[in-house]
Structure formats: structure tokens, C-alpha cells
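Trainee: predicted model follows, preceded by the sequence.
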There are 2 protein chains.
Amino acid sequence: MTADALAELSRRLPDLRLLTEAGDLEHYGRDWTRRWTPAPLAIALPASIEEVQGIMRWANENKVAIVPSGGRTGLSGGAVAAHGELVLSLARMNRVLGFDAVDRTLTVQPGIALEAVHGAAREHGLIYPVDFAARGSCSIGGNIATNAGGIRVIRYGNTREWIAGLKVVAGNGELLDLNRGLIKNSSGYDFRQLVIGSEGTLGIVVEATLRLADPPQPSQVMLLALPDMDALMQVFALFRARLSLQAFEFFTDMALKHVLAHGAQRAIDGEHPYYVVTEFDAPDERAQEAALTAFEQGVEQGLISDGVIAQSDAQAAALWRLREGITESLAPHKPYKNDISVRISAVPAFLQEIQSLLTREYPDIEVVWFGHIGDGNLHINVLKPDTLSDADFIAQCEHVTKLLAQTLQRHGGSISAEHGIGLVKRAYLESTRSAAEIALMRGVKSVFDPNGILNPGKLFA
Amino acid sequence: MTADALAELSRRLPDLRLLTEAGDLEHYGRDWTRRWTPAPLAIALPASIEEVQGIMRWANENKVAIVPSGGRTGLSGGAVAAHGELVLSLARMNRVLGFDAVDRTLTVQPGIALEAVHGAAREHGLIYPVDFAARGSCSIGGNIATNAGGIRVIRYGNTREWIAGLKVVAGNGELLDLNRGLIKNSSGYDFRQLVIGSEGTLGIVVEATLRLADPPQPSQVMLLALPDMDALMQVFALFRARLSLQAFEFFTDMALKHVLAHGAQRAIDGEHPYYVVTEFDAPDERAQEAALTAFEQGVEQGLISDGVIAQSDAQAAALWRLREGITESLAPHKPYKNDISVRISAVPAFLQEIQSLLTREYPDIEVVWFGHIGDGNLHINVLKPDTLSDADFIAQCEHVTKLLAQTLQRHGGSISAEHGIGLVKRAYLESTRSAAEIALMRGVKSVFDPNGILNPGKLFA
């Protein structure tokens, strides 16, 4: 039957590239999570919106599940195909379609890498300000599907803020041309905003018009060492009050250990439990003096133990590498990841509570913390000990995540700050969204995707 | 039957304030549009979320239509109750509930006036940057229902950008606590964004958490006179390239005539067809010189005929009054209003086309133009001649609006930039949204409001 269906798809779309080799199925069937064994039916690589629509019509008629797929750098299993789905990869639809200097927008296909978007914006003297470590591999379509955040949210907000228009093939096969680059458009429900962050369960983004911004002012990068966790939010308040922050990222000594072992260079001597990398506007002497004043006040108040300010672009890059290299340095340890958030005001009390929770629940397991603390977003990476099987390790982590979800719920937080729910956090969605909200989500899903073919099992079972 | 239902509502919610006097029905049954005769069943003025939920449960059981109602300054009939609906006025729920200095958020009830929000933010040294002329009367709940824009969009975006959390009683009576002030929250569909701009058809906003911003830098206000319409977007480009704009508003000599007749003071002598009021950051001499340079270049290139720069706060206010006083000055002429937008890049071609359309179609009728041209948003006010009956006048305007909608569709624009669709533009929704989108809107509406009791007839019939 599925072979018949595939043959039928090829008949309808004779130019459609379809892959069925075992190696391709494995390659395209998984994302950066490694928990599920890829088992897709086949991989479709459409080259046009028409082919995407053709696939969706065929899938609706044949009740074949579709997994939309971009750079597959996701960390929540949103692009995993483990149950005979057709992977609809947008990898071939990866071009810049247009730039408009008056609107200051860039129109792109969804498969383009974030880094290529950055480059295209720079060619016109502008920037696309969403940025994070996976920039070279992740696709803009995937960024939109998870409302990707990253390291500049404190200045520029999430992906949501930068989408002026979206073309989307809905689950029912209809092509929607949403908002079309308008700045003001109060004409009914903003489905553009609904699709952003919907993890491929409502429709497939087939084109995006991105807003661009002026490049930021010249900036400086500083690395700070902090004596304890209490200092973290106080230093943030100190710096935010005096400087125009572009980023404010933190990590622990454990994170530093791994990134140094992975080849990064130590910038501050001695042992310190917490570190901050911050970047701020420094167009003139006044701003540079303000940064020094903030730093000195932090030292005087015992909030900062040591610090270094980058004296060159190369040194700035080296300081950034200490933060940005963490995820890659942890990968060999098969980390179990939590990506959580609370309101900034709730961070201190929440950190206290989960610090004791994690110490208690992971007595013999290494836990690495880092994150975008200026956004209330914390990444917890639990490293698998060699002595534990994958299954036992995950079972233990899931138990702790359940407790973590309860703590988040008490603090009004979110079980997914920027990675999405996917398969990984499906069981914990109730900690962030009420039963009434989830019921409405299911209802909306069935309006856009009446046959339930789009990314089934992701977000909710 | 309706009397019985009302009695039942009073029994269930004995403290609920209910008005049924003819004067109250007329007062609360209309907004700033004057096309429909108010005829509500009664006016409910709940004082709490629980009362709103109680009303919604009762309305669902008794199949009574509900018109959510704020400051009733709307211009598209979104808050009109002309068919025996219960008006649910949020006028009594108008308090500030809290301020958080770390999150930089203000939590308010929906009935609070925009101006009161401005004041509350200023008390904490911050601003709520959405602003427009109706600030003293409009409510924040209504701002959210239409995704209100206004005069600072070019700098700060629309209302949508400033909503960190919403409590909403959905059409089905469920209380939703959406996003709860989080900066990063990728955990399923962002219903906060869906509710913003939904014109009271999906749920009733009962609480909002607003993001606040630092006050802008010291600014300057300039009035420019332009020789023709072609100059408009060129002057915009000239100023945008050199200055950090906070506002860039335009109006015609016809608009000036009315606002001067209404008591505003002339600031530039002579006859000029077009005027611009612009406000821009001017923290230091460099910025002020840049403004002068831009002005002089505009004069040299024949794009600017004359100009004046405010020398005091009082003069800045006087220049702003020339733009902000227009709507009020036109009110006695019962204007028929179009509130349309295109992408900025499409403005010149679009303006050319509709200028000849309006000249042709309104040969003997005064047409006043003004708007937020830096956002691609144009307001057209057609003034009723004394010789025409209301009905004949509206019939003629509707005919022209149909042509205008066709032009907008060709240019990818919107029939409603910031006022919403309501009753006024319902017939033209198809010019901005496709049949597939409208079908999905209806589907989503029926998920949130299965009995169709929320603002029926608004947005779509």
C-alpha cells in the first residue's frame, strides 16, 4: 500500500526528487536528538511551492503522515520521522528570492541556512538579528517553526518579531499568503503569528519575508567571573541599568571545563563557579566608561570576582567561543537537555529551588548549566555517565524533568523556552499550558490539518 | 424570553451591574461610527474576571450574543450592538494591578484608558510606547482587540509587540492565562498573538501584562511643506537615512484647512498641497545638524518647499496638533473613513493610482487625506456634503471603497491597517484575505466560540 502510494506520488509529480535508500532514510529521519530510530517511508525534496502543494494533496488523499524538515538541528525531536512518515525536506528550497531596500526586507525560501540569511543581509548593509550557535546548519523554516530565540533576544526579541510575511501550505493543502510584508494590517486573525512556533503541525512554511535592521553600534565584549549564583541577577541589573546590552549569557565552571577541553582558550585564571559573557553598545568613550564603572561597582559589592574586556575582534570571538562552544563540547556525552524559562523577576527564587532539586536528584551525575539569563532562559545539560545505559539514563532524567516541570509550574515558567515541544517535551506540555489551552490547540490543529497528517505526535500525542 | 434570561443572569450574579435604561442602551450600544442604531438587550458592567466568566457561561447556555466593549472609540463598528446583544463593558475593570521593575511590565485591567497606562509607566521612569490621538478615551482592551497602531509605529511597532501576557475569557467561557509575561516560551500555539487583533470574536481580554520601554532620547519636531505627492516618499527616504525617526506623519492642505478652522495655529505661510510632521531623536548637536542637512538637501532637490523646527515643547505640541487634531476637526462633517495600507515600497505607485481614482469618483465631494506614511498607512476621510442624505452618501462611498479594495488587492495591501474590520469593512475582507484564509478563520472562531455568541457579525457575517 505505501509502495503503491509512493508510486502514485511519483506519477503525479514526475520531477519530484524522492529518496528511499537506507542511508538517506537514516540521515533525513532524525534531528540532533538521538533518542529515536529513524524509520521514514521516504524522503521528498521538493523544488517548488507547487511540488509542496502536490505532496500535501497526495498525503491528504492517501492519509500519509508528513514530517516537515529543515536543517534538522532541532533538540526536541520535532523533525524526527520514526513511524513511516514521508519526510518533506525543504533543503533544496534554499535561495534568496529578493531584497527590498525601501521595505528593508529579505524574501527567502525556507531551506536557507540562518548564516546565509546573515550574509545576504550584510550585502545590503543591514542585519537579520536573530542569531545562535547552530547558524551554519539550521534553516530559517525551522527557526520559524520553533520561534527560535538565541543569543540576541535581550536586544532584538525572538524570530517572531522579524517575520513580515509567510507563505504557508496549510495541512489541508491550501497555499496561504500571510501578511505580505505589511507593517500595519488589522484584517482578521494573524495566522502568520499562529504558524510561528507551531512546529510544523499546522502548515509548511514555503517562503518567508524577513525584516532587516540597521547594524548595531560598535560593541564591546566582556567576560565576568562571579562568586555565586546570587550575584548573577544582581550583576545583570547593574549592567542593564548602565549599558545598552546586546547579549547577557551565563555558564558554570562545569560548562567551562568542557569547552576548554574542546579547545577553547581560558581567559580568566583561577576557579570561579559562574561566568557571564556580555556584549553591549560601546560607540564612544562614555559608554566604555559606563562599562568600567559597572564592572568596578560589581567588584566593590562583591558580585564580580574577576573580568576581562576584549581588546580586539579576535579576542571578542575567543570570549564568545567560551559560551557558544558549550553545546558542541557536550555532544559526545549524550546530554539530556532541559530548555526552560521563567520571568526574569522569578529567576532568583527559581534558581535557588532547582539548584537544590538537581543536586538532590542527580547526586552522581554531571549537570552543566548555561543560558540566556537576561531572557530568563536556562539550559540544563545532564551528561550520561558511561556506567548507565541509555534507557536507564533517560528514565532517570525524565523523572527529574517531571519534578522540574512541577517547579516551573509553580513559578509560572515554560518547559520549552526556545527549542519547542516536539516529541521530547510532549509529556510535560501540561505544566506550561492548561487543559483548556491544549483542547483549543487540538481544535485549531484540526481546522488547519483536518486529516491530521502534519507532524503527528509532535507537540501533543 | 430575553427578559427571563436577564432575570436569570441577575439571579446568578447578584452583584453584577446591569443597565437597561434607554439612555444607557444608546450610550453603550455604539462606537465612534454613527451608521447603526444602537439596540442592545442590556449593558453588563462586570467588576471581576469571575463575573465575566459568569456572563459568558450564561450567554452560552442562553445563546445570547455578547458585544465586548471598551472605550468605544472604534471606527469600524466593532463595538456596535444593534441587534439585541448584551454589551459586556469593561469600563469598571480599569485599574493598574501591578508593576514589575525587573520584568519592566505593567499589569492592567482591560478597561483602563491608554493615557492612564502612559501615566502609570511614566511614574516608574518608563514608557508604554503605543500612542494615538484617542489616548484619553480608548481602552487598552480595545487597543489589543484591533492591534492598535498609531503615530509611533515606525519606531515601536504595533500593540502586538508590547503584550507580554494576556488573560482571556474565551468564547467557550474558559479562562486562558496566555504567556504570563515570559520573554521566551516555545510551547505550542501562541494564542496571545491570535487573540491580538481578533476584534472580540474569539475571547474577551480581562487582564494584560504590557512591556514597557526606556523613554526615547530627547527629540525634535519638524513641520515640512511639500510641493507634490511624488516628494513624499523621497523626503521620507532622505530623513530615514539620516535620522532615527520616532514619527513621520503626513496630511494634505484640505486636512490643514479643517484643523486650522478648529482652532489650531498655522505654522507655515503660503499654500502647499502636502505637509509632514516628523519627530526624531536629537540627543546632541550631531543629530540636530543631520536634521538640518536632510532638510537642506530636500530643499535643494525641490522636495521641500518650506519647514519649521519646534524651538520649545509648546511649539512641538502646536506642530503635533496640526496632525493630531484632524480627526476631531472632521467629525462634524460625518466623514466616511478608509484606513488602508500597502508595503512602503508600494506607496508611490499606489498613491498615484488612488489619487486619480478618488478624483474621478468623488468629483463634487471633499476628500481629506492624512496618515502614517512611514508605515504605508493612509487615512482617507470623505466628507458628507449637506446636499446628500446619509444613505446616499454612504452608498456612494461604498461603491468607491469597492474600487479601492480592488486597487489594494492589486498592490498587495490591506483594507484595514489599524482600525479593524468590524461591521464597516466586512464586505471587503476578501480583498485582503483569501477565501482559504477566511475559511480557516471561521474554523478557528468555531473552536474558541462554538456557540457563536462572541461579537457575531463582526469581521465576517
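Mentor: The structure has been received and is ready for your questions.

Trainee: make it CA atoms for all contacts and neighbour counts henceforth
Mentor: Fine.

Trainee: what's the top helix by length along chain A packed up against?
Mentor: When chain A is parsed with DSSP state H, its longest helix is helix A:390-410. Judged by 3 or more C-alpha pairs under 8 Å, 6 or more residues apart in numbering or on different chains; DSSP states H and E, helix A:390-410 is in contact with strand A:336-341, helix A:347-361, helix A:429-432.

Trainee: hey, which of these is tucked in deepest?
Mentor: strand A:336-341 (a mean of 24; mean count of other C-alpha atoms under 10 Å in any protein chain shown).

Trainee: next to chain B, which bits of the stretch 151-300 of chain A? Give me the list.
Mentor: Residues of the stretch 151-300 of chain A that fall close to chain B, judged by C-alpha under 8 Å from any C-alpha of the partner chain: A:157-158, A:161, A:174-176, A:180-191, A:193-195, A:197-199, A:237.

Trainee: what about 6 Å?
Mentor: A:182-189, A:198 (C-alpha under 6 Å from any C-alpha of the partner chain).

Trainee: make TSV out of those and add secondary structure.
Mentor: Putting these into TSV (DSSP: H, G, I helix; E, B strand; the rest coil) gives the following:
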residue	secondary structure
A:182	coil
A:183	coil
A:184	coil
A:185	coil
A:186	coil
A:187	coil
A:188	coil
A:189	coil
A:198	coil
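
Trainee: in CSV: those residues, plus pLDDT and neighbour count.
Mentor: Formatted as CSV, these follow (pLDDT from 0 to 100; neighbours: other C-alpha atoms under 10 Å in any protein chain shown):
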residue, pLDDT, neighbour count
A:182, 98, 21
A:183, 97, 24
A:184, 97, 28
A:185, 98, 30
A:186, 97, 29
A:187, 98, 29
A:188, 98, 28
A:189, 98, 26
A:198, 98, 27
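
Trainee: in the stretch 351-461 of chain A, what residue is nearest chain B?
Mentor: residue A:417 (4.3 Å; C-alpha to the nearest C-alpha).

Trainee: can you map out the strands along the stretch 251-400 of chain A?
Mentor: A:274-281, A:306-309, A:336-341, A:367-372, A:377-382 (DSSP state E, counting those that start in this stretch).

Trainee: low-confidence ranges in the stretch 301-450 of chain A?
Mentor: The stretch 301-450 of chain A contains no residues with pLDDT under 70.

Trainee: quick check: residues of it near chain B?
Mentor: So the stretch 301-450 of chain A meets chain B at A:343-345, A:375, A:414, A:416-418, A:420-421, A:443-444, A:447 (C-alpha under 6 Å from any C-alpha).

Trainee: how about a cut-off of 7 Å?
Mentor: Applying C-alpha under 7 Å from any C-alpha of the partner chain, we find that the stretch 301-450 of chain A lies next to chain B at A:341-345, A:375, A:377, A:412, A:414, A:416-421, A:429, A:436-437, A:440-441, A:443-444, A:447-448.

Trainee: among those, name the buried ones.
Mentor: A:341-345, A:375, A:377, A:412, A:414, A:416-421, A:429, A:437, A:440-441, A:443-444, A:447-448 (16 or more other C-alpha atoms under 10 Å in any protein chain shown).

Trainee: what does the strand or helix carrying residue A:67 rub up against?
Mentor: Per DSSP states H and E: residue A:67 is located in strand A:66-69. Outside strand A:66-69, the residues within contact range by C-alpha atoms under 7 Å, 6 or more residues apart in numbering or on different chains are A:79, A:81, A:85-90, A:200, A:204, A:453-455.

Trainee: the residue lying closest to the residue of the stretch 351-461 of chain A closest to chain B once chain neighbours are set aside: what's it in contact with?
Mentor: Counting by C-alpha to C-alpha, 6 or more residues apart in numbering or on different chains, residue A:417 lies nearest to residue B:185, which is 4.3 Å off, once chain neighbours are set aside. Counting by C-alpha under 7 Å, 6+ apart, residue B:185 touches A:414, A:416-418.

Trainee: got a list of what residue A:337 touches?
Mentor: A:379-382.

Trainee: ok, which pair from those residues is furthest apart?
Mentor: Greatest spatial distance among the contacts of residue A:337 (C-alpha to C-alpha): A:379 and A:382, at 9.9 Å.

Trainee: still on that earlier bit, show me the contacts of strand A:66-69 that map onto strands.
Mentor: A:86-89, A:204 (DSSP state E).

Trainee: how long is stretch A:429-439 from one end to the other?
Mentor: 12 Å (C-alpha to C-alpha, to the nearest Å).

Trainee: typo on my end, stretch A:278-293
Mentor: End-to-end distance for stretch A:278-293: 15 Å, by C-alpha to C-alpha.

Trainee: same question, stretch A:175-185
Mentor: 19 Å.

Trainee: how about stretch A:61-70?
Mentor: 24 Å.

Trainee: now name the helix or strand holding the residue lying closest to residue A:303 once chain neighbours are set aside.
Mentor: The shortest distance from residue A:303 to any non-neighbouring residue, by C-alpha to C-alpha, 6+ apart, is to residue A:231 (5.0 Å). Here residue A:231, judged by DSSP H and E, is contained in helix A:230-242.

Trainee: any buried residues in that helix, and which?
Mentor: Buried residues in helix A:230-242 (16+ other C-alpha under 10 Å): A:231-236, A:238-240.

Trainee: ok, residue A:205 touching residue A:110?
Mentor: Yes. With contact defined as C-alpha atoms under 7 Å, residue A:205 counts as touching residue A:110 (6.4 Å).

Trainee: where do the contact lists of the two overlap?
Mentor: Common neighbours of residue A:205 and residue A:110 (C-alpha under 7 Å, 6+ apart) are residue A:141.

Trainee: more neighbours, those two?
Mentor: The neighbour comparison of residue A:205 against residue A:110 (other C-alpha atoms under 10 Å in any protein chain shown) goes to residue A:110, with 32 against 29.

Trainee: now name the helix or strand holding that one.
Mentor: Counting by DSSP H and E, residue A:110 is part of no helix or strand.

Trainee: skipping adjacent residues, who's closest to it in space?
Mentor: residue A:141 (4.3 Å).

Trainee: separation between the residue nearest to residue A:303 and chain B?
Mentor: 15 Å (C-alpha to the nearest C-alpha, to the nearest Å).

Trainee: got the phi and psi for the residue of the stretch 351-461 of chain A closest to chain B?
Mentor: With angles defined as degrees, to the nearest 10, residue A:417 sits at phi -80, psi -40.

Trainee: wait, it sits on residue B:186?
Mentor: Yes. Counting by C-alpha under 7 Å, residue A:417 does reach residue B:186; the two are 5.1 Å apart.

Trainee: how far does stretch A:133-150 sit from its chain's centre?
Mentor: Mean C-alpha position of stretch A:133-150 versus that of the full chain (C-alpha atoms, centre = their mean, to the nearest Å) differs by 6 Å.

Trainee: need the contact partners of that stretch.
Mentor: A:70-73, A:110-115, A:130-132, A:158-160, A:196-200, A:205, A:324, A:418-420, B:186.
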